[in-house]
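what's the 3D shape of this:
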Amino acid sequence: MRAALPALLWASAGATLLPLCVPPTEGQDDTFITCEVEVGEIPSDTPALPRTTNLTVVEYNIDRNGGGGDGPREAGLDPISSLLQNQDLLPEFDVLIMSEVARGCDKWSSGASGAEAIASHYPGFHYAYAVEFVNFDDASAIGECSIGNAIISRYPLSSVDSFTFSSQCCRYGGRWGGRSSVCADLEVGGGGVRICSTHLESGQPNAKMVLEGTYVRERQAAELAKKLNEEGDEGQLLLLGGDMNAPLRKVDPTRLGFEHGGFADVHDELPWSERGTAPDEAGGKVAVPLDMIYSSKEGNVLDAGVCSDDECVGWSDHVPIFATIALD
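A predicted model of the protein is given here:
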């Protein structure tokens, strides 16, 4: 049974940008805040051409629209968009799932969400953006600087749903909100696909919170797997991906949380030495595997990889990953 869906804010070209969240009142829990999900479609004279035999998914943490300062070459969204369109480095995507997408932040986004800005390069594509955190101390011309998760798709999105994990810890100061996911059905025909973009707990850089964050991530993974399994219709392919913040490779509790929920790691055939998506602690080699995509069906992965070329590195503090999955 699918839970009641959150309110949606339908975006349209040239419309005034509005805040998505209701600020918490004094004494209210400021983790589980009420926010609308922004959804939209990029205008086109013709719809985006469908591809229905398989689905190519790209996942990318874009570090606050390429402005967070954690990547050595960050220069905003333009080089990120160029990388995503470079088919010598990445396959043409049907679905792009992103985390650390900024919206309404004067220093990162200049108004529109990074999801809308990137989707604007793909006429006929659809997008959804859901708030994870509101940075209430940061300047915003629209009165709300937020960071969240997003889905961009050549297929129409329906049953769009955002939820905040029940298990939380280690939030940085100056924020409302909590770790969360945004999910949607892709109207691809047949049994269809439901996909989630997520961003799990990272912990903070001290030993106690790093340990606490590890166990919170495991609970978040189990909760997301359970939610997808409960919401998925019979015959539906279920996919999830994002920045899992789970560096312990095969023995990471987060991975076990997804596997016990019936999800398979689509990059499982790649050696871990080739799966790094974020720099090591020294800030040098991209060696830490934090970004992952999981599927409810094993054996349907046609191709999977990591954008490891030098031209993929530095526009964020992560590099993109990708997978092509058979729909039949």
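
Who are the contact partners of the closest residue in space to Trp315 that isn't next to it in sequence?
Once flanking residues are discounted, Trp315 sits nearest to Pro79: 4.7 Å by Cβ to Cβ, 6 or more residues apart in numbering. Yep, even glycine has a C-beta here, placed from its N, CA and C like the rest. Going by Cβ atoms under 8 Å, 6 or more residues apart in numbering, Pro79 touches Gly66, Arg73, Trp315.

Buried subset of those as a ChimeraX selection?
Here is the ChimeraX selection string for the buried members of the contacts of Pro79, based on 16 or more other Cβ atoms under 10 Å:
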select :66,315
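
before we move on, the earlier item: gap between the residue nearest to Trp315 and Leu240?
Using Cβ to Cβ, to the nearest Å, Pro79 is found at 27 Å from Leu240.

Start and end of stretch 34-53, how far apart?
For stretch 34-53, the first-to-last residue distance is 38 Å (Cα to Cα, to the nearest Å).

Buried residues, it. List them.
For stretch 34-53, a neighbour-count test (16+ other Cβ under 10 Å) marks Cys35, Glu36, Val37, Glu38, Val39, Gly40, Glu41, Ile42, Ala48 as buried.

Tell me how far that stretch lies from the chain's centre.
16 Å (Cα atoms, centre = their mean, to the nearest Å).

Equivalent analysis for stretch 133-150, please.
Taking mean C-alpha positions (Cα atoms, centre = their mean), stretch 133-150 and its chain are 17 Å apart.

Can you list the buried residues in it?
Across stretch 133-150, burial judged by 16+ other Cβ under 10 Å covers 133-136, 138, 140, 142, 144-150.

got it, and stretch 256-270?
For stretch 256-270, the neighbour count (16+ other Cβ under 10 Å) marks Leu256, Gly257, Phe258, Gly261, Gly262, Phe263, Ala264, Asp265, Val266, His267 as buried.

Just those residues: which are in helices?
Taking DSSP state H as the definition of helices, these contribute Leu256, Gly257, Phe258.

Identify, from the residues you listed, the entry nearest to Val101.
Phe258 (22.3 Å; Cβ to Cβ).

returning to what we had before: with secondary structure and distance to Leu211 as new columns, can the buried residues of stretch 34-53 be given to me in CSV?
Compiled in CSV, those are given as follows (DSSP: H, G, I helix; E, B strand; the rest coil; distance: Cβ to Cβ, whole Å):
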residue, secondary structure, distance to Leu211
Cys35, strand, 30
Glu36, coil, 35
Val37, strand, 33
Glu38, strand, 35
Val39, strand, 38
Gly40, strand, 40
Glu41, strand, 44
Ile42, coil, 43
Ala48, coil, 45
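
just those: which has the poorest pLDDT?
Across those, the smallest pLDDT goes to Ala48, namely 71.

Quick one, grab the pLDDT at the closest residue in space to that one that isn't next to it in sequence.
In space, and not counting its chain neighbours, Ala48 is closest to Gly124: 3.6 Å by Cβ to Cβ, 6+ apart. Gly124 carries a pLDDT value of 93.
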